[in-house]
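Enquirer: Coordinates for the following, if possible.
(2 chains)
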Protein chains: 2
Amino acid sequence: MNAIPAAVLDELRRIVGPRGWASDPADVEPYLVEWRGLYRGAAPLVLKPASTAEVAAIVAHCRRTKTPLVPQGGNTSLVGGSIPFEGGGEVVLSLSRLNRVRAVDALNDTITVEAGCVLADVQAAAAAAGRLFPLRIASESSCQIGGNLSTNAGGNAVLRYGSMRDLTLGLEVVLADGRVWDGLRGLRKDNTGYDVKHWFIGAEGTLGVITAAVLKLFPQPQAIETAFAAVPGPAQAVELLALAKAMGGGQVSAFEIVPRIGLELVLRYIPGTADPLAAAHGWYVLLECTGGKGGELRADLETMLGAAAERGLVLDATIAASAAQAAGLWKIRENISAAQKFEGGSIKCDIAVPVSRVAEFIARAGAAVTALVPGTRVVAFGHIGDGNIHFNPLQPAGMDKAAFLARWDDVTRAVHDLTHALGGSISAEHGVGRLKREEIRRYKAPVEIELMAALKRALDPDGILNPGKLL
Amino acid sequence: MNAIPAAVLDELRRIVGPRGWASDPADVEPYLVEWRGLYRGAAPLVLKPASTAEVAAIVAHCRRTKTPLVPQGGNTSLVGGSIPFEGGGEVVLSLSRLNRVRAVDALNDTITVEAGCVLADVQAAAAAAGRLFPLRIASESSCQIGGNLSTNAGGNAVLRYGSMRDLTLGLEVVLADGRVWDGLRGLRKDNTGYDVKHWFIGAEGTLGVITAAVLKLFPQPQAIETAFAAVPGPAQAVELLALAKAMGGGQVSAFEIVPRIGLELVLRYIPGTADPLAAAHGWYVLLECTGGKGGELRADLETMLGAAAERGLVLDATIAASAAQAAGLWKIRENISAAQKFEGGSIKCDIAVPVSRVAEFIARAGAAVTALVPGTRVVAFGHIGDGNIHFNPLQPAGMDKAAFLARWDDVTRAVHDLTHALGGSISAEHGVGRLKREEIRRYKAPVEIELMAALKRALDPDGILNPGKLL
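Expert: Here you go, the predicted model:
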């Protein structure tokens, strides 16, 4: 990558004005480092425009001068999608100052927000209007809507409400030539041509810069019930899911699997946690239902768990008696990754398979990994209701961490090959970024890569938008 | 359009074999006429391939010889999308023999079907597996899945389950160069690049030929309750919708508005119908809830309607006591269009606006139309829960039908201009086809038309796929 001429940088600074940019190394540092430390890039300039018009002027100038730019939201990527390369030949375009809630339309159940809004603030704005914005992910207090859109964020509530793509009715996008496409429609039905918004959702900033969106809102659930159930194994967890989905009253809103080792690591390293059940079991399901009425929903959940126990699908279970107890159950689920860190090195795979293949995946992937590195502790947990497993093999006790992590490519290769053989996805919710750019080519048919490249060429012929990411 | 050389037609016949084509005028007639009679095309050959491989060979040969083709499913288009032009320079590609259900995966809640499957057969296959495929549209006994996908079909259950786009997890598509893209994934989460399937859904066969799909299934609802409620007007109907959505237990699965004149026309012309309520009212809502438990769901619905009555949102209401009574309520809703035909000429508009603007739309559109043609009877009904109104002005009593229909363009122009001003869509669920190809250019920003054209050029550079439709 070539250095960016000073005159180009000067003009970009002029576009955003004195408050809209940073070049000082200390100031730009947070924009250059991926939070997990996997990537550290370089950039001579971080731009922080305050309006869509400024974004458009920036992109137009970059197009004229063939200057590559990296759009960035809350910088919570797990795959290096929002970090510039090391060469310093790109500018970073932070959307964080575009953070207005433009409108809430409660009767239409929509909210119109700018790309730089933090997800938690959008959740709060929805709640203030008596509505729910249902996207729930671990990074919600710092990730931004533009990033959620560009990565089609998933998380805990996909089972009931869908991914970010499903939650989006309209977009405003600055195209690669600096023109603005105003697709900020708040419509449930609109069949007047190709649905352009879907091109940009999940495109990781490579086709355009999303500046605002119209998102769907939902009624706030009247009742929430949360259960923690021991199950014989993943196969029974999937059968339990089918029972829970068919339950009268309310709807399953989350369905997560937790292995015994995951619970044990949390109990060992995370203060303020306790085993919810009296005896130890091999596998657990964290199940949340919402939408019915308080007492009835709890009764329905008890009935369902009882029926599941009779069929041998549930060995023991507890239902949270309070919001605090429910939070305690979620704390276990949410801290598995963090607890793994204290125990040594882990290799991270974020895969999805058809729900009907999850049990087979967990068994075969575990066998493949322990064959490669005997003694590896298999930590497989997460959104089993979506077929999405965070499969994170943990180093054998006592093994050198670096020696284990040196097997990263072997291990992920085995896991990804199996995932592909089972009709699955090697990146369920984390996206492609830099980390999996080459890896997706191993599994996608060439015709699909060519289709993707055709759209990229059509929309960004000079390749200035987040080059080297995804494609 | 030029005539297609005999050698090209011969090769196309050879590809599909003797059972795979028709040329006799009587045999091809059903493929050339739109069922409403608005369009009648010509074609020297109708191809009826029996496999994806045959479709691929057809399209490859058409690409080599620059022969335009018109993909066709059940031929139930309302906008001329599936009919060739009059010149006879196109072949029709019927997908009707690709009608296998390839797989049902109950644990994954998916069904894999070919494009030529009739929607009702897919509903039945899902039911046989103890699941629900929720798409419900008037043409379900003859429309085909390929057409449902290519038009992003909507209908009565969008409020709860979404449009065809939302119900689709994977596609198999024959591209314009004859290659097959196998995107038949059954995954709830997959973020490994651009989501190519969304390009083809709703593209009306102009970007590729959909040959199969993986569709979502749902639990069959344990309970269904259907109510017919008189409301003061559309504004109160929208407020009632918000109450119904927030109701504990079950979920609103349909929410339709019916005006008094719609009910009166049905009572006058459709045998076996009766006014569900004792007194006449100006507006009605047909409301369906599903998913809770029998007795409880009914009690919840009664409580909600009671609360709505106290707030003046409901004037009178009845809840169906049996499936037969519920069918009777739906019969009223489904026969408004048919009843209008007996009363004279109608002008048809299929629009959507934000739900919060529906009442304003109905009032202003009615005023605009009666200003243009005094005495016009405004029949506005349909999916108010989605903001989707079938706005079908009916000729003044005693006016000459042809004279009224001669005002079609004036009337639709006024309605569409207003729709656009309210942030709406001039084709909520019927698509573009031939009928609205020019009309969408009036309302879409040039940049959006250019984006659409860019994808068309990238995917079908010779323009052989359904030319002159949509774009």
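Enquirer: Check which element follows the worst-scoring helix or strand of chain A on mean pLDDT along the chain.
Expert: Here the helix or strand of chain A ranked lowest by mean pLDDT, DSSP states H and E is helix A:294-310, holding a mean of 91. As assigned by DSSP states H and E, the chain's next helix or strand after helix A:294-310 is strand A:316-319.
Enquirer: Can you list the strands that that next one pairs with?
Expert: Applying DSSP bridges to the sheet, strand A:316-319 is found paired with strand A:224-231 (antiparallel).
Enquirer: got the contact list for the partner strand?
Expert: The contact list for strand A:224-231 (C-beta atoms under 8 Å, 6 or more residues apart in numbering or on different chains) reads A:237, A:240, A:250, A:253, A:276-277, A:279, A:281-290, A:297-298, A:301, A:305, A:308, A:313-320, A:323, A:325-326, A:329-330, A:332. In this view, the C-beta of every residue, glycine as well, is placed from N, C-alpha and C.
Enquirer: what is the orientation angle of it with helix A:294-310?
Expert: 10 degrees (axes from the mean of the first three to the mean of the last three C-alpha atoms, to 10 degrees).
Enquirer: re earlier: the least confident helix or strand of chain A - contacts with which helices or strands?
Expert: strand A:224-231, helix A:234-246, strand A:283-290, strand A:316-319 (3 or more C-beta pairs under 8 Å, 6 or more residues apart in numbering or on different chains; DSSP states H and E).
Enquirer: Reformat the ones you listed as TSV; add mean pLDDT, mean neighbour count and distance to residue A:394.
Expert: Converted to TSV, the helices and strands packed on helix A:294-310 look like this (pLDDT from 0 to 100; neighbours: other C-beta atoms under 10 Å in any protein chain shown; distance: least, C-beta to C-beta, whole Å):
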stretch	mean pLDDT	mean neighbour count	distance to residue A:394
strand A:224-231	97	23	21
helix A:234-246	96	21	18
strand A:283-290	96	26	17
strand A:316-319	98	18	25
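Enquirer: Throw the ones you listed into a markdown table and include distance to residue A:206, thanks.
Expert: A markdown table is the format used below for the helices and strands packed on helix A:294-310 (distance: least, C-beta to C-beta, whole Å):
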| stretch | distance to residue A:206 |
| --- | --- |
| strand A:224-231 | 38 |
| helix A:234-246 | 35 |
| strand A:283-290 | 35 |
| strand A:316-319 | 45 |
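Enquirer: and the least confident helix or strand of chain A, which residues are buried?
Expert: Neighbour-count burial for helix A:294-310 flags A:296-298, A:300-301, A:304-305, A:308 (criterion: 16 or more other C-beta atoms under 10 Å in any protein chain shown).
Enquirer: now stretch A:375-386
Expert: Buried, per 16+ other C-beta under 10 Å, within stretch A:375-386: A:376-386.
Enquirer: What about these, which are in strands?
Expert: A:380-381 (DSSP state E).
Enquirer: Would you mind trimming the buried residues of stretch A:375-386 to those in range of chain B?
Expert: Restricting the buried residues of stretch A:375-386 to those touching chain B (C-beta under 8 Å from any C-beta of the partner chain) yields A:383, A:386.
Enquirer: nearest to chain B, of the buried residues of stretch A:375-386?
Expert: Relative to chain B, the closest of these is residue A:386; by C-beta to the nearest C-beta it sits at 4.0 Å.
Enquirer: So the closest one versus residue B:112, what's the distance?
Expert: From residue A:386 over to residue B:112 the distance is 19 Å, taken as C-beta to C-beta, to the nearest Å.
Enquirer: Now do the strands in the stretch 1-150 of chain A.
Expert: Assigned by DSSP state E, counting those that start in this stretch, the stretch 1-150 of chain A shows strands spanning A:21-22, A:46-47, A:69-72, A:91-94, A:101-105, A:110-114, A:131-132.
Enquirer: Show residues contacting the last one.
Expert: In other words, strand A:131-132. Residues contacting strand A:131-132 (C-beta under 8 Å, 6+ apart): A:104, A:106, A:109, A:111, A:126, A:217-221.
Enquirer: go on, the third one?
Expert: The set of residues external to strand A:69-72 that reach it, using C-beta under 8 Å, 6+ apart, is A:31, A:41, A:43, A:47, A:58-59, A:62, A:82-84, A:90-95, A:146-147, A:150, A:205, A:209-210, A:464-466, A:469.
Enquirer: State the pair within the buried residues of helix A:294-310 that is farthest apart.
Expert: A:296 and A:308 (18.5 Å; C-beta to C-beta).
Enquirer: for residue A:174, phi and psi?
Expert: With angles defined as degrees, to the nearest 10, residue A:174 sits at phi -90, psi 120.
Enquirer: That one - nearest residue in space that isn't next to it in sequence?
Expert: residue A:209 (4.4 Å; C-beta to C-beta, 6 or more residues apart in numbering or on different chains).
Enquirer: So the one you found lies in a strand, does it not?
Expert: Yes: counting by DSSP: H, G, I helix; E, B strand; the rest coil, residue A:209 is found in a strand.
Enquirer: Does it touch residue A:55 like I think?
Expert: Yes: when contacts are counted by C-beta atoms under 8 Å, residue A:209 is listed as touching residue A:55 (5.8 Å).
Enquirer: just for chain A, where's the confidence low?
Expert: Along chain A, the parts satisfying pLDDT under 70 run over A:1, A:248-250, A:294.
Enquirer: does the residue most central in space within it count as helix, strand or coil?
Expert: Geometric centre of chain A, nearest residue: residue A:153, 3.9 Å, by C-alpha atoms, centre = their mean. Classification of residue A:153 by three-state DSSP places it in coil.
Enquirer: wait, it sits on residue A:164?
Expert: Yes: counting by C-beta under 8 Å, residue A:164 is a contact partner of residue A:153 at 4.5 Å.
Enquirer: Give me every residue in the stretch 351-471 of chain A lying close to chain B.
Expert: Contact residues, the stretch 351-471 of chain A versus chain B (C-beta under 8 Å from any C-beta): A:352-357, A:383, A:386-388, A:423-432, A:436, A:440, A:443-445, A:447-449, A:451-452, A:454-455, A:457-459, A:470-471.
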